[in-house]
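**Q** Requesting a structural model of the entry that follows:
(chains A and B)
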Protein chains: 2
Amino acid sequence: MKAGNQTTGVRLRVVLAPGIALGPGKADLLEAISEAGSISAAGRHMTMSYKRAWTLVDDMNGWFCEPLVETGKGGAGGGGARLTALGETVLKAYRRMEKAAGAATEPELTALRTEMADIAK
Amino acid sequence: MKAGNQTTGVRLRVVLAPGIALGPGKADLLEAISEAGSISAAGRHMTMSYKRAWTLVDDMNGWFCEPLVETGKGGAGGGGARLTALGETVLKAYRRMEKAAGAATEPELTALRTEMADIAK
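**A** Residues are numbered from 1 along each chain as shown, chains lettered A, B, ... in the order given. A predicted model of the protein is given here:
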C-alpha cells in the first residue's frame, strides 16, 4: 500500500512549480523533524533512510528563498535539526490546505463511497 | 518528474478506503478510455503498458458495486472499451473534487509561491 493510503480521505500534492511538489511524505518529514529535533531520528520514525530524508530536506531547502530546516553544528544533522520560521510557515500552510481540500471534497467522497462494493469498503 | 507534477496546482489522491485510492493517473486513464474507446489505445496515449492499464482498470472495476469500464466482444479490450454510467459518474465526481480542492487551496498556494526562490519558480 502506498504511504498515505491507510486512511479514508483525500491526500494533497501541492505542485509549487513544474517538477516541484510538496506532498504528504515531505510534510510528514518536516513535522517529524520538528518533533524529533533531528533528520536521522525523523527518518527512522518514518522508516526512511537517512540519505533519503536528507535528500528531501536538501531539495525543499533549495526551493524557497530561505531554508525550511536548519541543522546545528556537528555535521549534516549530527548536531540536530529544527524547522526555521519559514519551515513552520510552509508546514502549517500545507496542513491548512489539506484541511481545506478535505472539507471541500467530503460530500463527494461520501457519495462515492456509497457506490463501492461492500468487500472494498 | 513524477507524472502530474508538470503544472502548478494541487493534485488529489482520493483514498476511498484503506489501500484503495483514485488519483490523477487513474482518472486520466478513465478519461482516455472514454475518449479512445479502448484500453490499449488509452494506455498508449498515456505511455503506459497495456498490462498496466488493464490491471488498473481491473482494480477499479473491483472496487465498486458495478464495473467502471466495460469491454466489448473480442477478448480483453480487443473489441473496444467504454465507461459505464457508473464510470462516468466516478470520473465526473473526481474532476469536481479536483476543482473544489483547487479552489479551496488556491490562496494558500499563491502565498506559498511568493516564498519560493526565484530559481525554483
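
**Q** name the helices or strands packed onto the longest helix seen in chain A?
**A** Longest helix of chain A, by residue count under DSSP state H: helix A:85-113. Packing partners of helix A:85-113 (3 or more CB pairs under 8 Å, 6 or more residues apart in numbering or on different chains; DSSP states H and E): strand A:9-17, helix A:24-36, strand B:9-17, helix B:85-114. C-beta coordinates here come from the backbone N, C-alpha and C atoms, glycine included.

**Q** JSON lines please, covering these and showing mean neighbour count.
**A** Shown next, in JSON lines, are these (neighbours: other CB atoms under 10 Å in any protein chain shown):
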{"stretch": "strand A:9-17", "mean neighbour count": "21"}
{"stretch": "helix A:24-36", "mean neighbour count": "19"}
{"stretch": "strand B:9-17", "mean neighbour count": "21"}
{"stretch": "helix B:85-114", "mean neighbour count": "17"}
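
**Q** between these, which one is nearest to residue B:36?
**A** helix B:85-114 (13.8 Å; CB to CB).

**Q** Can you check what angle separates the closest one from strand A:9-17?
**A** 50 degrees (axes from the mean of the first three to the mean of the last three CA atoms, to 10 degrees).

**Q** Please list all residues in contact with the most centrally placed residue in chain A.
**A** The residue lying closest to the centre of chain A (CA atoms, centre = their mean) is residue A:27, at 1.5 Å. Applying CB atoms under 8 Å, 6 or more residues apart in numbering or on different chains to residue A:27 gives the contacts A:91, A:94, A:95, A:98.

**Q** Now mean pLDDT and distance to residue A:45 too, for the helices and strands packed on helix A:85-113, in TSV please.
**A** Listed next are these as TSV, based on pLDDT from 0 to 100; distance: least, CB to CB, whole Å:
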stretch	mean pLDDT	distance to residue A:45
strand A:9-17	97	19
helix A:24-36	97	5
strand B:9-17	97	22
helix B:85-114	98	25
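
**Q** for these, which one sits closest to residue A:66?
**A** Proximity to residue A:66 (CB to CB) singles out helix B:85-114 among the helices and strands packed on helix A:85-113, at 12.5 Å.

**Q** what angle separates that closest one from helix B:24-36?
**A** Put simply, helix B:85-114 runs at 130 degrees to helix B:24-36, going by the same axes, to 10 degrees.

**Q** starting at the chain centroid, how far to helix B:85-114?
**A** When C-alpha coordinates are averaged (CA atoms, centre = their mean, to the nearest Å), helix B:85-114 and its chain have centres 13 Å apart.

**Q** again, but for stretch A:49-58
**A** For stretch A:49-58, the separation from the chain centroid amounts to 13 Å (computed by CA atoms, centre = their mean).

**Q** Quick check: mean pLDDT of that stretch?
**A** If you average the pLDDT over stretch A:49-58, you get 95.

**Q** returning to that earlier point: now the residue nearest to the centre of chain A: how far from residue A:115?
**A** Taken as CB to CB, to the nearest Å, the spacing of residue A:27 relative to residue A:115 amounts to 30 Å.

**Q** do the same with residue A:99
**A** Relative to residue A:115, residue A:99 is positioned 25 Å away (CB to CB).

**Q** before we move on, what about residue A:53?
**A** 39 Å.

**Q** In terms of packing, which of the two has more residues around it?
**A** Between residue A:53 and residue A:115, residue A:53 has the larger neighbour count (other CB atoms under 10 Å in any protein chain shown), namely 25 against 16.

**Q** so who does that one touch?
**A** Applying CB under 8 Å, 6+ apart to residue A:53 gives the contacts A:29, A:39, A:40, A:42, A:43, A:46.

**Q** Please dump the residues you listed into CSV; it should also carry secondary structure and distance to residue A:63 for every row.
**A** CSV is the format used below for those (DSSP: H, G, I helix; E, B strand; the rest coil; distance: CB to CB, whole Å):
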residue, secondary structure, distance to residue A:63
A:29, helix, 14
A:39, helix, 17
A:40, helix, 22
A:42, helix, 18
A:43, helix, 19
A:46, coil, 20
